[in-house]
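1. I would like the atomic coordinates for the input below:
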Amino acid sequence: MFLMIFTILFSPQFASADVIIPLSFLTIPLIPLMVIIEAVTFWEIANKIIKVPIGFWKLMQITFIANVATSLLGTFIPMYKYTSENLILIGVALVLSVFIEWGIYIPFLRKNTIKIIDILKISFVCNLITYSILVFFLLMSV
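-> Numbering: from 1, shown residues only. Now for the predicted structure:
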């Protein structure tokens with residue numbers, strides 16, 4: 001089992017956080033960046049706009065779990081092969097990430113007074129920001 005996980009993570013064919021590009025040793029450094037961006041965005045929207053107090057460190061943990069989950073899913077749905085050529089797949093990956101992360105956020109935030117629809121909106125904004133950054137870097141590397 002360990003050898004299979006090791007091979008998946010360190011295989012050169014796997015090359016981010018989110019469904020758009022799968023988890024690998026090349027992309028693991030991106031996860032903290034994506035988590036920080038999403039946690040700060042989530043915290044700002046929840047606490048300042050929606051006025052629902054949610055702890056920052058709790059959001060860091062939740063966004064870490066959500067991003068690792070979507071990255072692992074990206075390992076099995078490798079959309080990264082065509083992302084520089086096909087913006088439709090980037091859109092599909094964005095939608096998948098939004099809904100998967102939303103589904104992860106809900107159980108963790110069920111004790112808070114935040115509405116489920118607001119969690120979906122925040123998930124969309126957070127992923128839109130991180131995907132925009134990823135697309136920018138993809139376009140810069142072409």
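2. what about stretch 73-92, average pLDDT?
-> On average, the pLDDT along stretch 73-92 is 65.
3. just stretch 135-142 next, same as before
-> Average pLDDT, stretch 135-142: 71.
4. by contact count, what packs against the longest helix along the chain?
-> Among the segments of the chain that qualify as a helix by DSSP state H, the longest is helix 116-141. When contacts are defined as 3 or more Cβ pairs under 8 Å, 6 or more residues apart in numbering; DSSP states H and E, helix 116-141 packs onto helix 30-44, helix 87-108. Any C-beta I mention is one placed from the backbone N, CA and C, and that applies to glycine too.
5. Turn those into TSV, columns for distance to P53 and mean neighbour count.
-> Formatted as TSV, those follow (distance: least, Cβ to Cβ, whole Å; neighbours: other Cβ atoms under 10 Å):
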stretch	distance to P53	mean neighbour count
helix 30-44	10	19
helix 87-108	15	18
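6. Ok, which of those comes nearest I65?
-> helix 87-108 (6.1 Å; Cβ to Cβ).
7. what is the orientation angle of the closest one with helix 30-44?
-> Interaxial angle, helix 87-108 versus helix 30-44 (axes from the mean of the first three to the mean of the last three Cα atoms, to 10 degrees): 60 degrees.
8. mind saving the C-alpha coords of helix 87-108 as PDB?
-> Only the C-alpha atoms of helix 87-108 are listed here, as PDB (Å, rounded to 0.1, in the frame of the first residue of the first chain):
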ATOM      1  CA  LEU A  87     -10.400  26.200 -20.900                       C
ATOM      2  CA  ILE A  88     -13.600  24.100 -20.800                       C
ATOM      3  CA  LEU A  89     -11.700  21.500 -18.700                       C
ATOM      4  CA  ILE A  90     -10.500  24.200 -16.400                       C
ATOM      5  CA  GLY A  91     -14.100  25.300 -15.900                       C
ATOM      6  CA  VAL A  92     -15.200  21.700 -15.200                       C
ATOM      7  CA  ALA A  93     -12.300  21.400 -12.700                       C
ATOM      8  CA  LEU A  94     -13.400  24.700 -11.000                       C
ATOM      9  CA  VAL A  95     -17.000  23.500 -10.700                       C
ATOM     10  CA  LEU A  96     -15.900  20.100  -9.300                       C
ATOM     11  CA  SER A  97     -13.600  21.800  -6.800                       C
ATOM     12  CA  VAL A  98     -16.300  24.300  -5.700                       C
ATOM     13  CA  PHE A  99     -18.900  21.500  -5.000                       C
ATOM     14  CA  ILE A 100     -16.400  19.000  -3.500                       C
ATOM     15  CA  GLU A 101     -15.000  21.700  -1.100                       C
ATOM     16  CA  TRP A 102     -18.500  22.900  -0.300                       C
ATOM     17  CA  GLY A 103     -19.400  19.400   0.700                       C
ATOM     18  CA  ILE A 104     -16.400  19.200   2.900                       C
ATOM     19  CA  TYR A 105     -17.000  22.700   4.500                       C
ATOM     20  CA  ILE A 106     -20.700  21.900   5.500                       C
ATOM     21  CA  PRO A 107     -20.100  19.300   8.200                       C
ATOM     22  CA  PHE A 108     -17.200  21.300   9.700                       C
END
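9. That concludes my questions; thank you for your assistance.
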